[in-house]
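J.: Fold the following, please.
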Amino acid sequence: MSPAILAAALFISALSAQPAFDGASVRASQSGRGEGDWRDDIQASPGSLIMRNVSLKTAIRWAYHVMNYQVTGPDWIESGRYNISGKAAGPADEDQLRLMLQALLTERFKLEFHRQAKELRAYEMVVAKGGAKFHESKIEGEPVVNPDKARTTVDVKAMPASYIVDMLSKVLHSPVINNTGFTGRYDATVNIARYMPDGSAPFDPVATIVLAVQEELGLKLESKKMMLDLLIVDHAEKVPVEN
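T.: Residues are numbered from 1 along each chain as shown. Next up is the predicted model:
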């Protein structure tokens with residue numbers, strides 16, 4: 001057998017070996033049209049995956065287990081919203097569901113991408129001197145964020161470390177790399193008022209966030225250049241293939 005034929009056979013074999021959903025649905029979402037309706041919802045259970053009102057970028061991130069800053073592509077992969085559901089033929093853990101979603105995104109969105117390592121300015125998040133000022137949550141279920149405008153505080157319950165990193169990446173407009181060792185779900189309360197300027201000095205939002213994270217959570221954000229792995233979308237169909 002020639003090398004070219006062997007390579008083709010191995011490629012076809014790898015595709016056929018990739019797990020796929022026994023049944024799946026992908027539809028454009030009618031949610032997220034108005035203010036306050038932007039939240040997505042992802043529920044993964046053994047053998048089943050339900051994603052409501054998610055962007056294609058969110059679906060890609062979940063499928064390939066990467067952070068928000070690692071996925072780049074056309075603007076619409078963040079603005080378009082979809083409802084995606086899949087059911088396996090039998091029991092399947094989260095890692096298997098991710099592989100099944102990868103196959104579904106390739107099939108329905110015709111997703112094509114490449115990976116690239118690039119040096120970027122980023123924030124490395126480490127535990128500050130004195131230790132962390134939050135504790136692991138004992139609450140089951142979805143994360144809860146309760147802002148109290150009267151006291152200018154934010155109370156967070158059962159928040160995964162990955163959510164915190166994503167949130168900081170968005171407000172700092174820069175990748176945040178979690179080198180704290182924390183990977184669970186946590187409860188914390190942040191008092192924002194004490195870091196707001198009194199008018200005597202110009203307001204620096206980045207410096208304020210960095211200070212608040214260190215003082216309130218016991219986490220230090222250090223700016224530095226780092227080599228980061230990126231997933232770059234080369235092609236995707238905005239209107240998915242019909243179910």
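J.: Which stretches in this protein count as helices?
T.: 3-17, 56-64, 76-79, 94-109, 161-172, 205-212 (DSSP state H).
J.: Other residues contacting the third one?
T.: Think helix 76-79. Applying C-beta atoms under 8 Å, 6 or more residues apart in numbering, the contact partners of helix 76-79 are 55, 56, 57, 60, 71, 233, 236, 238. For glycine as for every other residue, the C-beta is placed from the backbone atoms N, C-alpha and C.
J.: One more pass at 7 Å, please.
T.: 55, 56, 57, 233, 236, 238 (C-beta atoms under 7 Å, 6 or more residues apart in numbering).
J.: pretty sure the first one is touching residue 80, no?
T.: What it means is residue 55. Yes. Under the criterion of C-beta atoms under 7 Å, residue 55 makes contact with residue 80 at 6.2 Å.
J.: where does this protein have low pLDDT?
T.: The chain contains residues with pLDDT under 70 at 1-17, 31-38, 149-151, 199-201, 243.
J.: show me where it has strands.
T.: Remark: strands assigned in the chain by DSSP state E are 23-28, 41-45, 48-54, 71-72, 82-87, 112-127, 135-136, 144-148, 153-160, 176-178, 185-191, 219-235.
J.: would you turn these into a markdown table with distance to residue 170 and mean neighbour count?
T.: Putting these into a markdown table (distance: least, C-beta to C-beta, whole Å; neighbours: other C-beta atoms under 10 Å) gives the following:
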| stretch | distance to residue 170 | mean neighbour count |
| --- | --- | --- |
| strand 23-28 | 24 | 15 |
| strand 41-45 | 18 | 13 |
| strand 48-54 | 16 | 19 |
| strand 71-72 | 13 | 18 |
| strand 82-87 | 21 | 21 |
| strand 112-127 | 12 | 14 |
| strand 135-136 | 24 | 10 |
| strand 144-148 | 14 | 12 |
| strand 153-160 | 14 | 17 |
| strand 176-178 | 9 | 20 |
| strand 185-191 | 16 | 18 |
| strand 219-235 | 14 | 14 |
